[in-house]
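1. Coordinates only, no sequence provided:
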């Protein structure tokens, strides 16, 4: 797998945050891709529609949800019943994640129809740290591909307000200047995502991460984003679609990608989004149960605890 290549938007944010000493080293990081993909109980696809808006498809169920093959060239194979509905090769951002084990891996590339399903030809893969994931487990083992329906949603809908008030987990889809979709996990304390329904303005804190700023850099360069917030209680979710702006706030020089802080959720920057559309995604995923006794790994955890394992 070739090393990550950073575009101007990512480089600009890296320079602001003073993480340029570490990003070239991280460009060559891959990690145990196949292992993490095969233990994932959620796989999220971000696929552009006809107007290039990124829409989510989510596969949930008992792992393994896919088969993996390849050495340096990773391919993920999804049987027909577990695959996004595509008829031609399609660019895709992918994220395989197990929230209960705090393991995740990005798999960006192309979805290709094959005889017995769909294959994801990964062009960019790497494992990520374990921070900010609220531990949860699915309440059903059967493979499920969602959503089963996508419905327009009013910004002042009470269900949306209630979901955001308790949400600890979300997923951010962004796109590079070259048209490559990407999916990233975004987590925090309950209610960390704020929506001003009247102004149609969405904001959340970007906490200290590894210093690459892949999503923030994409949004700096292209603006477009889709935020997915799943409702673990009922299995639905909301897609919030619009244009974002990232403002960096932390400028202390970094030499290591993972650092232990006194604050569990240290602020790196602020994401502000003007939301144009909202959709309720019916039957998005299996309902999930929060593992109350499991500790959330944060920036206050040791570096060894934060690191992929």
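-> Everything's here; your move. What you are looking at is a predicted structure, and each value in this text was computed from that prediction instead of being measured.
2. Now residue 304: which helix or strand?
-> Assigning secondary structure by DSSP states H and E places residue 304 in helix 303-306.
3. got the buried residues for that helix?
-> Residues 305, 306 are the ones in helix 303-306 that count as buried (16 or more other CB atoms under 10 Å). To be clear about C-beta, it is placed using only N, CA and C from the backbone, and glycine gets the same treatment.
4. Output the contacting helices and strands for it.
-> Other helices and strands packing on helix 303-306, by 3 or more CB pairs under 8 Å, 6 or more residues apart in numbering; DSSP states H and E, are absent; none qualifies.
5. hmm, who's touching it?
-> 129, 130, 131, 256, 258, 259, 260, 297, 299 (CB atoms under 8 Å, 6 or more residues apart in numbering).
6. so how far is residue 121 from residue 56?
-> 20 Å (CB to CB, to the nearest Å).
7. Over to residue 83?
-> For residue 83 relative to residue 121 (CB to CB), the value is 13 Å.
8. Just after the least confident helix or strand in the chain by mean pLDDT, pick out the following helix or strand.
-> Each helix and strand of the chain was given a mean pLDDT (mean pLDDT, DSSP states H and E); the minimum falls on strand 67-69 at a mean of 85. Counting by DSSP H and E, the next helix or strand C-terminal to strand 67-69 is strand 75-79.
9. and that next one, which strands flank it?
-> Sheet pairing of strand 75-79 (DSSP bridges) gives strand 67-69 (antiparallel), strand 117-127 (antiparallel).
10. lowest-confidence stretch among those strands?
-> Here those differ in mean pLDDT, and the lowest is strand 67-69 at a mean of 85.
11. ok so, going back, compare residue 56 and residue 121 (neighbour count), which wins?
-> residue 56 (24 against 16; other CB atoms under 10 Å).
12. tell me the secondary structure for the more buried one?
-> Under DSSP: H, G, I helix; E, B strand; the rest coil, residue 56 falls in the strand class.
13. hang on, it packs against residue 227?
-> No - Residue 56 is beyond contact range of residue 227, at 9.6 Å (criterion: CB atoms under 8 Å).
14. tell me, what's touching the two both at once?
-> 171, 173, 239.
15. most neighbours, which of these?
-> Of the shared contacts of residue 56 and residue 227, with other CB under 10 Å as the count, residue 173 tops at 28 neighbours.
16. Now for the contacts of helix 303-306: which two are most distant?
-> 256 and 297 (16.6 Å; CB to CB).
17. For the helix or strand harbouring residue 93, the averaged confidence score.
-> Using DSSP H and E, residue 93 sits in strand 90-98. Averaged over strand 90-98, pLDDT sits at 97.
18. Tell me the buried residues in the helix or strand that that strand is followed by?
-> Next along the chain after strand 90-98, taking DSSP H and E as the criterion, comes strand 103-114. Residues of strand 103-114 classed as buried: 103, 104, 105, 106, 107, 108, 109, 111, 113 (neighbour count, 16+ other CB under 10 Å).
19. how far does strand 103-114 sit from the chain's center?
-> 13 Å (CA atoms, centre = their mean, to the nearest Å).
20. helices or strands next to the strand holding residue 93 in the packing?
-> Using 3+ CB pairs under 8 Å, 6+ apart, strand 90-98 is in contact with helix 33-39, strand 42-48, strand 103-114, strand 117-127, strand 169-175, strand 181-187.
21. can I get the ones you listed in JSON lines with distance to residue 203?
-> Below are these laid out as JSON lines (distance: least, CB to CB, whole Å):
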{"stretch": "helix 33-39", "distance to residue 203": "31"}
{"stretch": "strand 42-48", "distance to residue 203": "21"}
{"stretch": "strand 103-114", "distance to residue 203": "24"}
{"stretch": "strand 117-127", "distance to residue 203": "28"}
{"stretch": "strand 169-175", "distance to residue 203": "13"}
{"stretch": "strand 181-187", "distance to residue 203": "12"}
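22. quick one, which of those is nearest to residue 5?
-> Taking the helices and strands packed on strand 90-98 one by one with CB to CB, strand 117-127 is closest: 9.0 Å.
23. so what secondary structure elements neighbour the helix or strand just after that closest one?
-> Of the helices and strands lying after strand 117-127 in sequence (DSSP H and E), the nearest is strand 136-138. Helices and strands touching strand 136-138, by 3+ CB pairs under 8 Å, 6+ apart, are strand 288-290.
24. returning to that earlier point: looking at residue 256 and residue 297, which one has more neighbours?
-> A count of neighbours by other CB under 10 Å puts residue 297 above the other of residue 256 and residue 297, at 20 against 13.
25. and that one, what pLDDT?
-> 96.
26. For it, give me its contacts.
-> Contacts of residue 297 (CB under 8 Å, 6+ apart): 102, 130, 131, 132, 133, 305, 306.
27. Quick check: the first one vs residue 290, distance?
-> Just to be clear, that refers to residue 102. In terms of CB to CB, residue 102 sits 14 Å off from residue 290.
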